[in-house]
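1. how would this look folded up:
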Amino acid sequence: MGSLRAILRNPEDLYPLLKLKLASRNAEKQIPSEPHWGFCYSMLQKVSRSFAFVIQQLDTDLRDAVCIFYLVLRALDTVEDDTSIKTEIKVPILMAFHQHIYDREWHFACGTKEYKVLMDEFHHVSTAFLELGRGYQEAIEDITMRMGAGMAKFICKEVETVDDYDEYCHYVAGLVGLGLSKLFHASGKEHLASDAISNSMGLFLQKTNIIRDYLEDINEIPKSRMFWPRQIWSKYVNKLEDLKNEENSVKAVQCLNDMVTNALVHIEDCMKYMSDLRDPAIFRFCAIPQIMAIGTLALCYNNIEVFRGVVKMRRGLTAKIIDRTKTMSDVYGAFYDFSRMLKYKIDDSDPNARKTKDSLEAVLKICRDSGTLNQRKSYIIQSKPQINATVIVIFFIILAILLAYLSASRPSNI
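-> The predicted structure is shown next:
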């Protein structure tokens, strides 16, 4: 019902949503028949949500490598995230994970839901990994080893300073950026990007997730996960968990805005990375998450709901981003719109208002200097829904349901 209300408020979302649904179904039909590859691509759709079909648009050898890279790191992350695993058990697994990927028999029981299935049947991932080209294997092994060591380090260490925060984000996400750059280069489709801008691609996404997921992480059972750096939150409260208390609402929002401002510094590097990409499929694969990140930061900024529940983009807006993002001009347009949205929410009394504005002005200047903004379709300016638009929406929903039913009922000729 919530989805229907969202469509009625934003009828322009319907077409992208239907396209995304059809693309997802087509991706499901393309799952390989081999058991290990079938498991990997089925699992990819369960743990990567909207991006599974974007990954599947990559050319075959690179697609397989990115799929396995993603699942290996998702499995590694599942071990790190499971707070029920004792440190003396967890750390050795993280340190040796890069060796386990060569073992067709290895698996480890942890995680929940689809992540538990991934860990229980990890032998499928290992089997697929061993079929990749040696260049892909070496890149995945190297990043897995470095990430596992970094995660192990922070199991025994809290995120105290902003430097610690950057280091932690480097281990869990910046290295993903480095690894993807290596895979793109190994495919022969891209030049090897510098470690610095590859790192920023990961840090921007990771910091956005850490900001958005504050409440989920702090409420984790049996033990809270704390990734916000003490150097930032201690300016506002005595304990990180105090940010969710209503009496601290003003301070909580100021701390949140401080965290968002910290994340914005990576955008210039991200723009450079994306503008250097040559392959259209690789470009979309990289650009869509970055646009969703700036959009999520725009929603989270100055928003007390980050400490009360879940703040995320509506599905229709996500579908619209996936549908529209094809060229660097689309990236400039999206970053321009979401940066303006964020800028309009700045309260001049916020302790970091000037710093936030300066960071956003730098982003807006990059977008304006591209000379492409007059071609964009805005994510902000919306026409007011009219009654005929509502009728059209309902009609297409009914039509989509009927088509789906008829498709499912049609007998097979095979």
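2. ranges for the helices of the stretch 251-400 of the chain?
-> Listed in chain order, the helices of the stretch 251-400 of the chain (DSSP state H, counting those that start in this stretch) span 267-275, 280-300, 315-324, 328-344, 353-369, 387-409.
3. swap in the stretch 51-200 of the chain?
-> For the stretch 51-200 of the chain, applying DSSP H, counting those that start in this stretch gives helices covering 52-55, 60-81, 87-100, 113-120, 122-129, 134-155, 162-169, 175-186, 195-212.
4. Would you tell me which of the helices of the stretch 251-400 of the chain gets closest to residue 210?
-> Set against residue 210 and scored by C-beta to C-beta, the helices of the stretch 251-400 of the chain come closest in helix 280-300, at 10.8 Å. For every residue, glycine as well, the C-beta is placed using N, CA and C.
5. can you pull the buried residues of that closest one?
-> Buried residues in helix 280-300, defined by neighbour count with 16 or more other C-beta atoms under 10 Å: 281-300.
6. got it, and stretch 243-254?
-> Counting neighbours by 16+ other C-beta under 10 Å, one finds that the buried residues in stretch 243-254 are 243, 244, 248, 251, 252, 253, 254.
7. repeat for stretch 35-49
-> Of all the residues in stretch 35-49, those buried under the rule 16+ other C-beta under 10 Å are 36, 37, 39, 40, 41, 42, 43, 44, 45, 47, 48.
8. need the contact list for the fifth one.
-> Counting by C-beta atoms under 8 Å, 6 or more residues apart in numbering, residue 41 makes contact with 30, 31, 32, 52, 56, 67.
9. In strands, which of the buried residues of stretch 243-254 fall?
-> Secondary structure assignment (DSSP state E) places none of those within strands.
10. returning to what we had before: just the buried ones out of the contacts of residue 41, please.
-> Buried residues within these, defined by neighbour count using 16+ other C-beta under 10 Å: 31, 52, 56, 67.
11. hang on, the earlier thing: can you check which of the helices of the stretch 51-200 of the chain gets nearest to residue 310?
-> For these, proximity to residue 310 was assessed by C-beta to C-beta; helix 195-212 is nearest, at 8.2 Å.
12. angle of the closest one against helix 175-186?
-> Between helix 195-212 and helix 175-186, the angle formed by their directions is 140 degrees, by axes from the mean of the first three to the mean of the last three C-alpha atoms, to 10 degrees.
13. Let me see the contact set for residue 288.
-> Each residue near residue 288 by C-beta under 8 Å, 6+ apart is listed here: 51, 54, 321, 322, 325.
14. now those as JSON lines including neighbour count?
-> Compiled in JSON lines, the contacts of residue 288 are given as follows (neighbours: other C-beta atoms under 10 Å):
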{"residue": "51", "neighbour count": "19"}
{"residue": "54", "neighbour count": "21"}
{"residue": "321", "neighbour count": "22"}
{"residue": "322", "neighbour count": "21"}
{"residue": "325", "neighbour count": "22"}
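15. Among those residues, show me the least confident.
-> Taking pLDDT as the measure, the contacts of residue 288 have their low point at residue 51 (67).
16. can you give me how far stretch 263-283 is from the chain middle?
-> Computed by C-alpha atoms, centre = their mean, to the nearest Å, the separation of stretch 263-283 from the middle of its chain amounts to 15 Å.
17. now the end-to-end length of that stretch.
-> Across its full length, stretch 263-283 reaches 22 Å end to end, with C-alpha to C-alpha, to the nearest Å as the criterion.
18. Could I get the average pLDDT for it?
-> Confidence over stretch 263-283 (mean pLDDT, whole number) is 97.
19. Just the buried positions in that stretch, please.
-> For stretch 263-283, the buried set under the neighbour-count rule, 16+ other C-beta under 10 Å, comprises 263-274, 277, 279, 281-283.
20. Pull up the gap between residue 288 and residue 76, please.
-> With the distance defined as C-beta to C-beta, to the nearest Å, residue 288 ends up 23 Å from residue 76.
21. One more: residue 95?
-> Counting by C-beta to C-beta, the gap from residue 95 to residue 76 is 11 Å.
22. swap in residue 274?
-> Relative to residue 76, residue 274 is positioned 26 Å away (C-beta to C-beta).
23. Kindly report the same for residue 329.
-> Applying C-beta to C-beta, the value for residue 329 to residue 76 is 36 Å.
24. quick one: which of the two has more around it?
-> Neighbours of residue 329 and residue 76, each counted by other C-beta atoms under 10 Å, are more numerous for residue 76; the result is 22 against 15.
25. which one of the buried ones among the contacts of residue 41 is nearest residue 220?
-> Proximity of the buried ones among the contacts of residue 41 to residue 220 was ranked by C-beta to C-beta; the top entry is residue 52 with 25.8 Å.
26. how about TSV for the buried residues of stretch 243-254, with distance to residue 304 added?
-> Rendered in TSV, the data for the buried residues of stretch 243-254 read as follows (distance: C-beta to C-beta, whole Å):
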residue	distance to residue 304
243	10
244	10
248	10
251	11
252	7
253	6
254	11
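27. Which two among those residues are spaced furthest apart?
-> Taking C-beta to C-beta as the measure, the buried residues of stretch 243-254 reach their widest spread between 244 and 254, a distance of 14.4 Å.
28. Closest one of the buried ones among the contacts of residue 41 to residue 346?
-> Closest approach between those and residue 346, by C-beta to C-beta: residue 52, at 35.7 Å.
29. Tell me where the model's unsure across the stretch 251-400 of the chain.
-> 380-400 (pLDDT under 70).
30. Recalculate using a threshold of 90.
-> Along the stretch 251-400 of the chain, the parts satisfying pLDDT under 90 run over 310, 312-319, 374-400.
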